[in-house]
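Peer 1: What shape does this take:
(chains A and B)
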2 protein chains.
Amino acid sequence: MKDSHMREAKSPALDVAMAFHEAWANKDLDRALGYLDENIVCDAPAGRIEGIAAYREFMAPFVKMLLDSKMIAAFGDQDQAVIVYDTKTRLVDSAPAAECVTVEDDKITYNRFIFDRAPFDAARQARG
Amino acid sequence: MKDSHMREAKSPALDVAMAFHEAWANKDLDRALGYLDENIVCDAPAGRIEGIAAYREFMAPFVKMLLDSKMIAAFGDQDQAVIVYDTKTRLVDSAPAAECVTVEDDKITYNRFIFDRAPFDAARQARG
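Peer 2: Sure, this is the predicted structure:
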């Protein structure tokens, strides 16, 4: 069922979301940030992140400790896409996340970023 | 852009996911559970939930404190769907979540459920 009609339909927004994910999953943060609008707004669990510089600060420590990322689901239409994936980091073995992005002129302008902070907080506390 | 080609394509899995969401968003947990397979497996932030009885225990306290739910994104294909929504509860003003479900024979058999436990934990601690 992997090649159903929805997956085959073209989604410009999903193309950008997947390219963004592929870049940071391969630890190429510079290339990843190239898919973001300068004025990106990201609503993440800890609060709102505004602008590429802030996004870099947000992503850099995560990408540094990232060991693996596996795609669970990916859908999109003309201007919106959702990707769901699981990440393995030095801190947490399995940390699934969902990103719901809006794409304008081939750049991600908004990201609603959902993941559970609890296991990261617990791991950091355990490390002292 | 709301009526792009992807949204119009038929997704039997999304129909079920949306009906499930609509039921519990209206606090009708019995009707919601009717969309789940008896042997549903749900990977939630706190761990795996197996079977409808366990799912009811998981959902009941949440539905009880639920004030509002707003859909952010909804996509699907033949057998998989992703819905992203924001919830307002008596505990937490804004708690976005993503559910990535697998549907077989019109029932949800698997759900990867993603949300941030941190604000709920903090609110419970604050209440003492």
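Peer 1: pLDDT of stretch A:10-27, averaged?
Peer 2: Stretch A:10-27 comes out with an average pLDDT of 97.
Peer 1: List the buried residues for that stretch?
Peer 2: Residues A:11-14, A:16-18, A:20-21, A:23-25 are the ones in stretch A:10-27 that count as buried (16 or more other C-beta atoms under 10 Å in any protein chain shown). From N, CA and C alone the C-beta is placed, and that goes for glycine too.
Peer 1: Repeat that for stretch A:50-62.
Peer 2: Result for stretch A:50-62 [16+ other C-beta under 10 Å]: buried residues A:55-56, A:59, A:62.
Peer 1: Now flag whichever of those residues is closest to chain B.
Peer 2: residue A:62 (15.0 Å; C-beta to the nearest C-beta).
Peer 1: Up against chain B, what does chain A have?
Peer 2: Proximity of chain A to chain B is confined to A:1, A:4-7, A:9, A:11, A:43, A:45, A:72-73, A:75-80, A:82, A:84, A:96-98, A:100, A:112, A:114-118, A:121 under the rule C-beta under 8 Å from any C-beta of the partner chain.
Peer 1: is it true that residue A:46 touches residue A:117?
Peer 2: Yes: between residue A:46 and residue A:117 there is a contact at 7.0 Å, judged by C-beta atoms under 8 Å.
Peer 1: so who does the closest residue to residue A:83 other than its chain neighbours touch?
Peer 2: In space, and not counting its chain neighbours, residue A:83 is closest to residue A:74: 4.8 Å by C-beta to C-beta, 6 or more residues apart in numbering or on different chains. Residues near residue A:74 by C-beta atoms under 8 Å, 6 or more residues apart in numbering or on different chains: A:14, A:17-18, A:81-84.
Peer 1: and if we set it to 7 Å?
Peer 2: By C-beta atoms under 7 Å, 6 or more residues apart in numbering or on different chains, the residues touching residue A:74 are A:14, A:18, A:83.
Peer 1: just residue A:88 next, same as before
Peer 2: A:67-68, A:94.
Peer 1: Three-state assignment for it, please.
Peer 2: strand (DSSP: H, G, I helix; E, B strand; the rest coil).
Peer 1: Looking at it now. What's its pLDDT?
Peer 2: pLDDT at residue A:88 comes out at 98.
Peer 1: For residue A:62, see how far away it is.
Peer 2: 12 Å (C-beta to C-beta, to the nearest Å).
Peer 1: what do you get for residue A:93?
Peer 2: The gap separating residue A:93 from residue A:62 is 15 Å, by C-beta to C-beta.
Peer 1: do residue A:15 as well
Peer 2: Residue A:15 sits 23 Å away from residue A:62, going by C-beta to C-beta.
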